[in-house]
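# dropping a prediction and its sequence here:
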Amino acid sequence: MTIEKIVNKLAAILGGVPENRGLISKKYSIIVVPDRNDRVINKNVSGRLVLLTGALAILFIATSLYFAFGFINTTIDRRQMSNLSLENEFLSGKINELENTVHDLRAEMSTLMEKDDYIRMVFDLPPLDSELREVGIGGLAYAEPQVGSELAHRTWMVDEDVEKIQRQLELENASFENLIEEIEKRKNVIDHTPTILPTEGLLSRGFGMHNDPFTGIYQPHNGIDIAGPKGTPIYATGDGVVRFAGYQTKLGNTLVIDHGNGIKTYYGHLSKFRVKKGQRVNRHDIIAEMGSSGYSTGSHLHYEVRVNRRAVNPYRYILSTYIS
């Protein structure tokens, strides 16, 4: 569209036709009066030129406003993008810290599981199911958010790991509580089991078939003999109650300790008692002194372990070969 057609269109809008009427058909004068005594300038311009100039001015102002608003919006967007970039950088750093923390927690959880397995093995308890440990107990599964962002994905992964570790920790806490209960039950049994040597000295005769030192007859020996100087301390090999403290024909001065669960220990050929019948004793308590009373060829201790009245090899119960 030409300028003339544009002017004619504007003239029609204003209610005139260029040839005969309306604003565009009029003539206008532009008078310039200087501030000195110079000649006054008078210029005649057509309405068409005035209209065209006004239209161009309006177009210029509109265009300027458009670009001004665009510049302002662009500046605001850039500032917002800069702020978002800084915020993402900060959040990325925080997620890195959380990922490192989760890595450390996994290592600690692995160590905790190994300790749990070891304790269960020592006390002959069934291990926890590996699949149960992997999944944990309870908890809700959350779907990954449909946001195409690496930051969002990493955040979701950390949240998943933390939630899984929390479930595993709850499982391990429950497991250790169960272990404590079982160990407390078994501790009482262990404390009352004769698990140490009763004295220090030289093993002079073991359990089983041996020649009798007096008759030379090959016959069973129901305990072990440990030789040592007279007065050597004799220790209780487990917690229990003294059921007998007196003299027997063959064993001489004899102590019998009842450890419960059908287990009793016998200490013979003593020179001196340090406890009396009915007294409670604990493992490592000194209960007597070594001697050579009764059927004996020299200072030594005859030590027996009987289970439900049947003599068994004491070394089946001894866990250490020294008094500690």
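That came through, no problem.

# what is the least confident helix or strand in the protein?
Counting by mean pLDDT, DSSP states H and E, the chain has its least confident helix or strand at helix 3-14, which shows a mean of 56.

# go ahead and flag the most central residue of the chain.
residue 109 (4.2 Å; CA atoms, centre = their mean).

# let me know the secondary structure of that residue.
Reducing the assignment to helix, strand or coil with DSSP: H, G, I helix; E, B strand; the rest coil, the entry for residue 109 is helix.

# residue 197 too?
Of the three states, residue 197 takes coil according to three-state DSSP.

# got the phi and psi for residue 267?
Residue 267 adopts backbone torsions of phi -130, psi 110, taken as degrees, to the nearest 10.

# what's the closest non-adjacent residue to it?
residue 255 (4.3 Å; CB to CB, 6 or more residues apart in numbering). Any C-beta I mention is one placed from the backbone N, CA and C, and that applies to glycine too.

# so that neighbour, which state does it fall into?
For residue 255, the reduced secondary structure class is strand; criterion used: three-state DSSP.

# low pLDDT regions in the stretch 151-300 of the chain?
Counting by pLDDT under 70, the low-confidence segments of the stretch 151-300 of the chain come to 210-218.

# redo that, cut-off 80
Within the stretch 151-300 of the chain, the stretches falling below the threshold (pLDDT under 80) are 151-166, 168, 183-187, 208-221.

# what segments of it are strands?
Per DSSP state E, counting those that start in this stretch, the stretch 151-300 of the chain carries strands over the ranges 202-205, 208-211, 218-221, 224-227, 233-235, 240-248, 252-260, 263-268, 270-273, 280-281, 286-290, 300-307.

# what about the residue nearest to the centre of the chain, distance to residue 95?
When distances are taken as CB to CB, to the nearest Å, residue 109 and residue 95 turn out to be 20 Å apart.

# and the helices in the stretch 101-250 of the chain?
Under the criterion DSSP state H, counting those that start in this stretch, the stretch 101-250 of the chain contains helices at 130-135, 150-191.

# highest mean neighbour count out of these?
With neighbours defined by mean count of other CB atoms under 10 Å, none of the helices of the stretch 101-250 of the chain is more surrounded on average than helix 150-191, at a mean of 15.

# can you give the distance of that helix from its chain's centre?
Centroid displacement of helix 150-191 relative to its chain, using CA atoms, centre = their mean, to the nearest Å, is 7 Å.

# tell me what angle it forms with strand 240-248.
Angle of helix 150-191 versus strand 240-248, following axes from the mean of the first three to the mean of the last three CA atoms, to 10 degrees, is 20 degrees.

# same for helix 150-191, what does it pack against?
Contacts of helix 150-191 with other secondary structure elements, assessed using 3 or more CB pairs under 8 Å, 6 or more residues apart in numbering; DSSP states H and E, are made with helix 47-122, helix 130-135.

# can you list those helices in TSV and add distance to residue 266 and mean pLDDT?
As requested, those are arranged in TSV below (distance: least, CB to CB, whole Å; pLDDT from 0 to 100):
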stretch	distance to residue 266	mean pLDDT
helix 47-122	30	77
helix 130-135	47	69
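
# save those helices as a markdown table, and put in distance to residue 231 too.
Listed next are those as a markdown table, based on distance: least, CB to CB, whole Å:
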| stretch | distance to residue 231 |
| --- | --- |
| helix 47-122 | 38 |
| helix 130-135 | 57 |
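
# which one of those helices lies nearest to residue 268?
For the helices and strands packed on helix 150-191, the distance to residue 268 is smallest for helix 47-122, at 34.0 Å, taking CB to CB.

# tell me what angle that closest one forms with helix 150-191.
Angle, helix 47-122 to helix 150-191, by the same axes, to 10 degrees: 10 degrees.

# which elements pack onto helix 47-122?
In terms of contacts (3+ CB pairs under 8 Å, 6+ apart), helix 47-122 is packed against helix 3-14, strand 27-32, helix 150-191.

# now tabulate those in a markdown table and tack on distance to residue 205.
Listed next are these as a markdown table, based on distance: least, CB to CB, whole Å:
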| stretch | distance to residue 205 |
| --- | --- |
| helix 3-14 | 132 |
| strand 27-32 | 143 |
| helix 150-191 | 28 |
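
# what's the closest of these to residue 124?
With distances scored as CB to CB, the stretch of the helices and strands packed on helix 47-122 nearest to residue 124 is helix 150-191 (9.0 Å).
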